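**Student:** The sequence and its predicted three-dimensional model are supplied below.
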Amino acid sequence: MKWKKTTIRFAVIVGVAAIVVIAAVSQYLPEDTVISRTPDPVIQDTIEAQMLYGIEIDNYEMESAKIESGETFGAILGRNNVPNETVFALANLDTIFDVRYIQLGKNYKLFFQKDSARTLEYMVYEESLTDYVVFHLTDSLWIKTGQRSIKVVEREVAGTIRGSLYVSLQNQEVSPVLAVKLSEIYAWTVDFFRIQEGDTYRVIFEEEYIDDTVYVGTGRIIAASLNHGGEELYSFAYQDSTDGHWEYYDEEGQSLRKTFLRAPLEFGRISSRFTMRRFHPVQKRWKPHLGTDYAAPHGTPILATADGTVIKASYTSGNGNYVKIQHNSVYTTQYLHMSRFAQGIRQGVRVRQGDVIGYVGSTGLATGPHVCYRFWKNGQQVDPYQQDLPDAEGIDESLKAAYLEFIESLKSTLDGLVISNE
């Protein structure tokens with residue numbers, strides 16, 4: 001290896017130079033001076049093996065590419081001289097990864113042995129910036145999944161809303177995903193469609209990186225405060241050890257979420273309200289409309305508005321695809337006209353507030369894509385907007401003292417952030 005020859009040559013030059021210097025200096029020293037010489041250190045190969053995806057890449061030639069239109073797993077391997085029987089064997093290991101679902105535009109890497117045959121030994125398919133699948137193509141065939149290491153960096157931002165929170169964060173070079181996360185935290189207390197020009201925000205949050213420099217996404221919001229209409233609204237992430245879930249609480253330990261979400265969609269408009277008299281657009285007659293319609297694009301995720309158990313996931317000619325959730329002995333909700341159910345949604349499944357249970361459609365008696373949201377209280381259909389719904393439980397009393405101590409420094413940091421007027 002060239003680097004070894006260079007190192008040895010350099011060591012010889014240094015050694016000769018040292019002898020010359022010692023000889024030159026010794027003529028000026030007293031005769032009884034003894035010059036001691038430390039033995040030269042043994043030069044060792046200290047270069048560590050370079051690893052990527054768990055593969056020692058120095059041993060291979062690597063090629064990178066993207067999945068092209070119409071390209072298949074078998075086609076990629078076939079043109080690189082991988083036998084058909086190997087391709088079929090790997091395809092049958094679909095319990096780990098189904099090779100039929102490689103996606104257009106995704107990155108992949110090929111690792112070839114440094115031999116005359118240039119044998120392809122590994123293929124790595126990158127499902128995302130962090131997740132990947134490794135296929136071993138020689139000798140013992142195997143597939144494994146992995147995840148690149150993510151570095152979490154804490155960041156702070158503060159500003160004044162100009163136009164919208166989304167735009168204001170973009171102007172500060174912050175991912176607008178943070179705006180979505182804030183809207184989720186404050187969904188029960190702030191109507192983000194009515195957020196006002198001049199409202200302010202302070203946020204401590206996490207950003208995720210791979211290889212220290214490649215931005216992956218916005219992580220958890222650690223703490224935040226919104227000044228909305230002159231009212232300061234704090235939120236702090238805290239893990240209640242009694243159930244292990246992260247929740248957001250205010251500065252007094254009260255939960256920011258209500259028992260029910262305001263709506264079953266993150267974004268949508270009310271196209272028809274609960275009323276005892278409405279002209280039905282399909283049946284062409286006047287009748288009660290015992291639900292609230294939210295218009296949204298086809299395929300928009302529909303959310304469970306509260307924790308509960310699915311008691312129906314079915315189809316009728318009027319409701320189309322619908323899901324009904326029992327929340328407790330008092331409240332039940334129903335979601336109509338779905339295009340399809342979310343994966344895993346069926347009778348008996350337990351869901352949490354905010355879980356996706358289906359997607360907006362126009363099945364059943366519907367003239368366009370929307371979800372009809374129905375709300376039962378003690379067996380009677382009622383208007384959810386006219387109900388005095390209970391708050392979610394606050395921090396457990398046994399944890400309250402620890403919680404207040406925990407948020408003290410976070411609140412101080414938030415209050416100290418300088419508001420940008422950009």
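**Tutor:** Arrived safely. Numbers count the residues shown, from 1 in each chain.
**Student:** neighbours of residue 236, just the number please.
**Tutor:** By other CB atoms under 10 Å, the residues close to residue 236 number 25. Backbone N, C-alpha and C define where each C-beta goes, glycine included.
**Student:** so what's it up against?
**Tutor:** 222-223, 248-251, 403, 406-407, 410-411 (CB atoms under 8 Å, 6 or more residues apart in numbering).
**Student:** Likewise for residue 212?
**Tutor:** Residue 212 touches residue 151, counting by CB under 8 Å, 6+ apart.
**Student:** so is it in a helix, a strand, or just coil?
**Tutor:** With DSSP: H, G, I helix; E, B strand; the rest coil as the basis, residue 212 sits in coil.
**Student:** Could you do the one 3 residues further on as well?
**Tutor:** Classification of residue 215 into helix, strand or coil gives strand, according to three-state DSSP.
**Student:** Double-check that residue 159 belongs to a strand.
**Tutor:** Yes. Judged by three-state DSSP, residue 159 forms part of a strand.
**Student:** how close does residue 258 get to residue 139?
**Tutor:** Taking CB to CB, to the nearest Å as the measure, residue 258 falls 58 Å from residue 139.
**Student:** Quick check on these two: which one has the bigger neighbour count.
**Tutor:** residue 258 (17 against 7).
**Student:** For the closest residue to that one other than its chain neighbours, give me the pLDDT.
**Tutor:** Spatial nearest neighbour of residue 258, excluding adjacent residues (CB to CB, 6 or more residues apart in numbering): residue 188 at 4.4 Å. Predicted confidence (pLDDT) at residue 188: the value is 77.
**Student:** try residue 285
**Tutor:** 62.
**Student:** How about residue 290?
**Tutor:** 79.
**Student:** In the stretch 101-250 of the chain, mark out all the helices, start to finish.
**Tutor:** Listed in chain order, the helices of the stretch 101-250 of the chain (DSSP state H, counting those that start in this stretch) span 165-171, 177-185.
**Student:** buried subset of the contacts of residue 236?
**Tutor:** 222-223, 248-251, 403, 407, 410 (16 or more other CB atoms under 10 Å).
**Student:** beta partners of residue 324?
**Tutor:** Taking DSSP bridges as the rule, residue 324 bridges to residue 312, residue 334.
**Student:** how close does it sit to residue 357?
**Tutor:** Counting by CB to CB - residue 324 and residue 357 are separated by 10 Å.
**Student:** joint contacts of those two?
**Tutor:** 310, 335.
**Student:** my read is residue 401 is in a strand, agree?
**Tutor:** No. Applying three-state DSSP, one finds residue 401 to be helix, outside a strand.
**Student:** Distance check, it against residue 407.
**Tutor:** 11 Å.
**Student:** Residue 225 now?
**Tutor:** Distance from residue 225 to residue 407, by CB to CB: 11 Å.
**Student:** How far off centre is stretch 86-97?
**Tutor:** 28 Å (CA atoms, centre = their mean, to the nearest Å).
**Student:** Name the residues that touch it?
**Tutor:** 73-74, 77-78, 99-100, 125, 133, 135, 137, 141-145.
**Student:** Could you pull up the mean pLDDT of that stretch?
**Tutor:** 87.
**Student:** ok, and for that stretch, which residues are buried?
**Tutor:** Taking 16+ other CB under 10 Å as the criterion, stretch 86-97 shows 86-87, 90, 97 as buried.
**Student:** Which of these fall within helices?
**Tutor:** 86-87, 90 (DSSP state H).
**Student:** got JSON lines for those, with distance to residue 383 too?
**Tutor:** Converted to JSON lines, those look like this (distance: CB to CB, whole Å):
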{"residue": "86", "distance to residue 383": "62"}
{"residue": "87", "distance to residue 383": "59"}
{"residue": "90", "distance to residue 383": "56"}
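**Student:** Out of those residues, flag the one nearest to residue 119.
**Tutor:** Comparing those against residue 119 with CB to CB picks out residue 86 as the nearest, at 11.4 Å.
**Student:** how close does that closest one sit to residue 395?
**Tutor:** Relative to residue 395, and taking CB to CB, residue 86 is found at 57 Å.
**Student:** got it, and residue 54?
**Tutor:** From residue 54 to residue 395 the distance is 42 Å (CB to CB).
**Student:** So between these two, which is more surrounded?
**Tutor:** Neighbour count, other CB under 10 Å: between residue 54 and residue 395, residue 395 has more, with 22 against 11.
**Student:** How many neighbouring residues does the closest residue to that one other than its chain neighbours have?
**Tutor:** Among residues not flanking residue 395 along the chain, residue 253 sits closest, at 3.8 Å (CB to CB, 6+ apart). The local packing of residue 253 (other CB under 10 Å) involves 18 other residues.
**Student:** If residue 226 is in a bridge, with which residues?
**Tutor:** Taking DSSP bridges as the rule, residue 226 bridges to residue 201, residue 233.
**Student:** Contacts only, for it.
**Tutor:** Residue 226 neighbours (CB under 8 Å, 6+ apart): 182, 186, 190, 199-201, 232-233.
**Student:** what's the farthest-apart pair in those?
**Tutor:** Longest distance between any two of the contacts of residue 226 is 14.5 Å, between 182 and 232; criterion CB to CB.
**Student:** between those two, which one's more packed in?
**Tutor:** Using other CB under 10 Å, the more surrounded residue of residue 182 and residue 232 is residue 182, with 22 against 14.
**Student:** Thought residue 164 was touching that one, still the case?
**Tutor:** No. Using CB atoms under 8 Å, residue 182 makes no contact with residue 164, being 11.8 Å away.
**Student:** what about the strands in the stretch 1-150 of the chain?
**Tutor:** In the stretch 1-150 of the chain, the strands defined using DSSP state E, counting those that start in this stretch lie at 51-52, 55-56, 60-66, 107-113, 120-126, 131-136, 142-147.
**Student:** Ok, the stretch 251-400 of the chain next?
**Tutor:** Taking DSSP E, counting those that start in this stretch, the strands of the stretch 251-400 of the chain run over residues 269-272, 275-279, 286-289, 292-295, 301-303, 308-316, 320-326, 331-341, 350-351, 356-360, 370-377, 380-381.
**Student:** Do you know the pLDDT at residue 242?
**Tutor:** 60.
**Student:** Show the buried residues in the contacts of residue 226.
**Tutor:** Counted by 16+ other CB under 10 Å, those give 182, 186, 190, 199-201, 233 as buried.
**Student:** Out of these, the closest to residue 383 would be?
**Tutor:** Of all those, residue 190 has the smallest distance to residue 383: 21.9 Å, by CB to CB.
**Student:** now that closest one: how far from residue 317?
**Tutor:** Taking CB to CB, one finds residue 190 at 40 Å from residue 317.
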